[in-house]
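Novice: Pasting the sequence and the predicted coordinates here, then a few questions.
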Amino acid sequence: MPKIWKEKPSHDDVRRFLHGFFEQLRAGKVEEAKALVGHAYEDWNESLFTVWQDHYLIHEIPKDSSFEGREWDTNRAWLSDLTIKDDIEWVNDDCAWVDFIYRGDPSGYIGEFAVKQDADGYFVQRTIFKMA
């Protein structure tokens, strides 16, 4: 269940929340991070695998780089090198783009998140991780 706000969160609330989301990822707490947000698509594992391919594989050669080999999931140490810029770009009032930083360098990747509302309140939904 994603975090729910009763009132629409401010941009600063969402910025702090997304930094916490990425802190969970950096700590290798993938399931915990996944649970913090809603998901526009059922592609969480595929999205993480793509981030691993386009960040980690540039620097390292794993024993098995296939999705099925699951090294991207079983060895989560690579996530400790993934951060985001402090500033978040707001595309409109409800859509936030966060820039990925890997091993200290901007990577050209963004995470797109949207503030959504349902009967319980407001929550942040992960839309996509993609090249900007």
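Specialist: Received, thanks.
Novice: Which stretches in this structure count as strands?
Specialist: 38-39, 82-84, 89-92, 95-102, 105-118, 121-131 (DSSP state E).
Novice: what would those look like in JSON lines with distance to Trp5 and mean pLDDT?
Specialist: In short, each C-beta sits where N, CA and C put it, glycine included. Shown next, in JSON lines, are the strands of the chain (distance: least, CB to CB, whole Å; pLDDT from 0 to 100):
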{"stretch": "strand 38-39", "distance to Trp5": "13", "mean pLDDT": "97"}
{"stretch": "strand 82-84", "distance to Trp5": "21", "mean pLDDT": "96"}
{"stretch": "strand 89-92", "distance to Trp5": "17", "mean pLDDT": "94"}
{"stretch": "strand 95-102", "distance to Trp5": "14", "mean pLDDT": "97"}
{"stretch": "strand 105-118", "distance to Trp5": "9", "mean pLDDT": "96"}
{"stretch": "strand 121-131", "distance to Trp5": "4", "mean pLDDT": "97"}
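Novice: With distance to Met1 as extra columns, can I get these in CSV?
Specialist: Listed next are these as CSV, based on distance: least, CB to CB, whole Å:
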stretch, distance to Met1
strand 38-39, 9
strand 82-84, 23
strand 89-92, 25
strand 95-102, 20
strand 105-118, 11
strand 121-131, 9
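Novice: show me the contacts for Lys34.
Specialist: Contacts for Lys34 (CB atoms under 8 Å, 6 or more residues apart in numbering) come out as Trp44.
Novice: Report the separation between Asp64 and Glu71.
Specialist: Between Asp64 and Glu71 the distance is 5 Å, computed by CB to CB, to the nearest Å.
Novice: Settle it for me: which of those two has more neighbours?
Specialist: More neighbours surround Glu71 than the other of Asp64 and Glu71, with 18 against 11 (other CB atoms under 10 Å).
Novice: and the more buried one, what does it touch?
Specialist: Glu71 neighbours (CB under 8 Å, 6+ apart): 62-65.
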